[in-house]
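A.B. asks: Just the structure for this:
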Amino acid sequence: MADLKQVIVLRTDLNMRKGKMAAQAAHASMKVFFDRTTSSDPTRLEVPLWPEAAAWVAGAFTKIVVGCASQEELLALEAKAREAGLPHALVIDAGATEFHGVATPTALAIGPAASAAIDAVTGGLKLL
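C.D. replies: Below is the predicted model of the structure:
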């Protein structure tokens with residue numbers, strides 16, 4: 001299987017605390033899978049894995065975290081991931097602890113998928 005990874009994009013314009021950033025990145029990484037659950041039983045988690053996800057989970061489990069400068073940029077990256085057919089998940093924080101109660105897009109996970117395919121979407125972003 002090709003070189004696989006998951007890239008998590010965090011908004012840097014929000015000036016989130018480090019703990020908040022870590023939580024949002026974790027939410028995004030997991031949401032890619034949770035959005036694909038198939039069980040109606042809330043005590044049972046069933047997630048059908050696509051071939052790249054199965055190989056990623058069984059392998060190095062590579063995650064990369066990068067930053068983007070605005071909500072517009074984050075949403076544009078989500079659109080590019082969707083257009084490319086890449087698995088992705090957008091996190092919209094409820095605003096309970098930051099953002100003054102306003103629902104705010106904070107993070108985007110793309111993949112797991114082939115590194116080259118993700119790089120076509122996120123390759124220009126800087127590591128955090």
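A.B. asks: Only the C-alpha atoms, please, for the helix or strand encompassing A55, written as PDB.
C.D. replies: Applying DSSP states H and E as the criterion places A55 in helix 51-58. C-alpha atoms of helix 51-58 as PDB (Å, rounded to 0.1, in the frame of the first residue of the first chain):
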ATOM      1  CA  PRO A  51      -8.500   0.000   2.400                       C
ATOM      2  CA  GLU A  52      -6.200   3.000   3.100                       C
ATOM      3  CA  ALA A  53      -7.700   3.400   6.600                       C
ATOM      4  CA  ALA A  54      -7.300  -0.300   7.400                       C
ATOM      5  CA  ALA A  55      -3.600  -0.200   6.300                       C
ATOM      6  CA  TRP A  56      -3.100   3.000   8.200                       C
ATOM      7  CA  VAL A  57      -4.600   1.700  11.500                       C
ATOM      8  CA  ALA A  58      -2.400  -1.500  11.200                       C
END
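A.B. asks: Could you identify the helix or strand that succeeds it?
C.D. replies: Going down the chain from helix 51-58, the next helix or strand is strand 63-68, by DSSP H and E.
A.B. asks: residues contacting the residue nearest the centre of the chain?
C.D. replies: With distances taken as CA atoms, centre = their mean, A109 lies nearest the centre of the chain, 1.1 Å away. A109 makes contact with 6-9, 25, 28-29, 31-32, 88-89, 91, according to CB atoms under 8 Å, 6 or more residues apart in numbering. In short, each C-beta sits where N, CA and C put it, glycine included.
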